[in-house]
Each structure stands twice: as C-alpha cells, then as structure tokens.
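K.L.:
just to be clear, the model below is a prediction. Sequence and coordinates:
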Amino acid sequence: MILKNSLKRIMILLKAKYSFDKIKETEIVIYDKTGSEIFTELLHNRKYFVLHTRFEKINIKIFLKSLIKYGFKWKPIKYIELFLECLKPKYILTFIDNNINFWKLKNKFNDIQTCFIQNGYRDNHLDIFNLNKKLSEKFEVDKMFVFNKSIASEYKKFIKGETIVIGSFYNNKFERFKKMNNNILYISSWEDTYSNLKNYEEYLLFHRIDFLAFKLVSNFAEKHKLKLKVLGRKLNYYKEEQFYKNLNKNFIFLKRNNDRKFAYQAIDESKLTIGIDSTLAYESLSRGNKTFL
C-alpha cells in the first residue's frame, strides 16, 4: 500500500505544471479548479486565488518548503495546508462538496470561513454518505449550499455547520429552453475505469444496466419513430461512443463539452429524457421535463 501511494504521488508530480509565481496574501481562496468559474462570475472584482488541489499546477517554492518541513511524512495535503498558510485567506470556497480534505480545513484554520456548493447527486451507495459509518472524526464547514433538505440532513450527520438549500446552482443559472424536438435523449452513465475488485464488480454491473437500458430505449425510439440521441459523459469519448454503436448505430451521439448550457439545452429540447444515475436527469425533472429514471 505504501509503495502504491508513493508511485501515485510520483505520477501526479510528473504530470504537473510547475510555477515560480510569487505568492501574495489574498482575501479569498477557491479550493480546486473544478467549478472555479462559478466563483469568478460571483466575485466580480474581489481578490481571489484558485488553488489547484489536484496538482495540475504546483508552486515550486511552496512545494520545496513543504518537502523540507515534512520530509518522509510529506503528503499532498501538507503542500495544500502550507499554501493556505502563505495565502492567509479570510474565506475558502469550493464547488467540490464531497472532498474530505476540505471538510478538515476548519480543524486547522479555525479563523477562516469555509463554504461549499454541492455540485452533483449524492447517495449512500459507494458514495460519501456511505462513508458516514466509517468516519471516526467530526468535520466542520461554515456554510453548505445543498440541493435539498434530505441532502442537508445527511451532511449534518457528520459535518458541523449551517446548511442552506438552493437546489442545483448550475440548474438555477440557466432558464428553461422552450423549443422542443421529437427526440429521446439518453444520458450516458458509461464508465471505463476501476480501482479495485469491488469497483470492478460495480463497473461490470453498470455496464450491464447501461446495456439493457439502452437496448430498451433504442427499441422504444424505433417503434415510435422518434429520433434517438445519446448525451456523452466523457471528454475523451471514442470508447464511450463505440460502446453504444455496438448496440445500435441508429442514433446521434452528442459529445460532452465544458459548456453546461449545452447539456441543459439538450434535455429541455427533448420529448423524453432517460438516465440511470445522473445529476442531469434529476435536474431535468426539476425543470419540468418528461424524465424517466
């Protein structure tokens, strides 16, 4: 396990981009690049710094200082904590609500206000609410903006802080598109990676469910003469598209892109949206679209 973790850390460091930027104190830190554009829109001219917690970008000065300080006990989180000590923010915000390291920040930085916005569907099946039974420590986040009261209740079981129900931030951002086409939209749940045997079993189960669901949807679309579209899940979509083409070639594959507006337009313009386990499918329901889950 130690060797595996060491190799994983080495691979992360080899892939990263390195920076020699001078670090300045800032009022607001955005924890993780994912979803950081949300805060960019909200904060306007407020000073903030985006902290790359997945090590896509590493500050050499902070990295070397963390290595010297912790030596063989060095962990990625030590680099992040040292970075925050140098930035001295008043607020730390994130769109990664299911990040345990973020939940722990309040224990070390008690004077800093922390806040997360929920960015996806959460449940207790191989997800964070299943972790609740295994976690031995309590966590704290000052403000938790969540989808609904049920999610708020689950988070409150193991995270101290105020929960505020806002629904899906992205879903709220885009008004409903009124144009409707005569097509069925199938939201892909395709996955091609797994980390252990248990995950592999889940991976196979998901593929079987996807296989059966897509076959049924394909037959339904053909019978009722409806155009079938598949909304891709992966940015690297070739294997995903081929998976569905092996089942049925008579559909239009919509490649995933980083423009969220594109996805909401796709569900709003469809006569029927179908998904197995997708945040977007639940958002489709909330937008008043005919949706099958």
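P.N.:
Happy to help now that I have it.

K.L.:
for residue 183, name its beta-bridge partners.
P.N.:
residue 227 (DSSP bridges).

K.L.:
what is the helix or strand containing residue 186 packed up against?
P.N.:
Using DSSP states H and E, residue 186 sits in strand 183-187. The contact analysis (3 or more C-beta pairs under 8 Å, 6 or more residues apart in numbering; DSSP states H and E) places strand 183-187 against helix 197-223, strand 227-231, helix 260-268, strand 272-275. Where C-beta positions appear, they are placed from N, C-alpha and C, glycine not excepted.

K.L.:
quick one: list the elements packing against the last one.
P.N.:
Contact partners of strand 272-275 among helices and strands, from 3+ C-beta pairs under 8 Å, 6+ apart: strand 183-187, helix 279-286, strand 291-292.

K.L.:
between those, which one is closest to residue 253.
P.N.:
strand 183-187 (10.1 Å; C-beta to C-beta).

K.L.:
mind exporting the C-alpha coordinates of that closest one to CSV?
P.N.:
In CSV, the C-alpha atoms belonging to strand 183-187 read as follows (Å, rounded to 0.1, in the frame of the first residue of the first chain):
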residue,chain,number,x,y,z
ASN,A,183,-36.4,13.0,-29.9
ILE,A,184,-35.4,10.9,-26.9
LEU,A,185,-32.3,11.8,-25.1
TYR,A,186,-30.4,9.1,-23.3
ILE,A,187,-27.9,10.4,-20.7
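
K.L.:
the inter-axis angle of that strand versus helix 279-286?
P.N.:
For strand 183-187 against helix 279-286, the angle by axes from the mean of the first three to the mean of the last three C-alpha atoms, to 10 degrees is 140 degrees.

K.L.:
quick one: contacts of strand 183-187?
P.N.:
Here strand 183-187 makes contact (C-beta atoms under 8 Å, 6 or more residues apart in numbering) with 213-214, 217, 220-221, 226-231, 233, 251, 266-267, 269-276, 278, 280-281.

K.L.:
same question for the strand holding residue 186, mean pLDDT?
P.N.:
For strand 183-187, the mean pLDDT works out to 95.

K.L.:
what angle do that strand and strand 227-231 make?
P.N.:
20 degrees.

K.L.:
could you check the angle helix 260-268 makes with strand 183-187?
P.N.:
Going by the same axes, to 10 degrees, strand 183-187 makes 130 degrees with helix 260-268.

K.L.:
contacting residues around the closest residue to residue 88 other than its chain neighbours?
P.N.:
Among residues not flanking residue 88 along the chain, residue 25 sits closest, at 4.6 Å (C-beta to C-beta, 6 or more residues apart in numbering). With contact taken as C-beta under 8 Å, 6+ apart, residue 25 is in contact with 86-89.

K.L.:
out of those, which is most surrounded?
P.N.:
residue 89 (22 neighbours; other C-beta atoms under 10 Å).

K.L.:
how close does it sit to residue 65?
P.N.:
Distance, residue 89 to residue 65, using C-beta to C-beta, to the nearest Å: 18 Å.

K.L.:
just residue 120 next, same as before
P.N.:
The value you get for residue 120 to residue 65, if C-beta to C-beta is used, is 34 Å.

K.L.:
then residue 213?
P.N.:
Residue 213 is 51 Å from residue 65, by C-beta to C-beta.

K.L.:
next one: residue 160
P.N.:
For residue 160 relative to residue 65 (C-beta to C-beta), the value is 31 Å.

K.L.:
more neighbours, those two?
P.N.:
residue 65 (16 against 13).

K.L.:
the protein: helices as residue ranges?
P.N.:
For the chain, helices defined by DSSP state H occupy the ranges 2-15, 36-43, 60-70, 76-87, 100-108, 128-131, 149-156, 169-173, 197-223, 238-245, 260-268, 279-286.

K.L.:
so where's the stretch 51-200 of the chain shaky on pLDDT?
P.N.:
124-127, 131-136, 193-200 (pLDDT under 70).

K.L.:
hmm, 80 instead?
P.N.:
Residues of the stretch 51-200 of the chain meeting the criterion pLDDT under 80: 123-138, 191-200.
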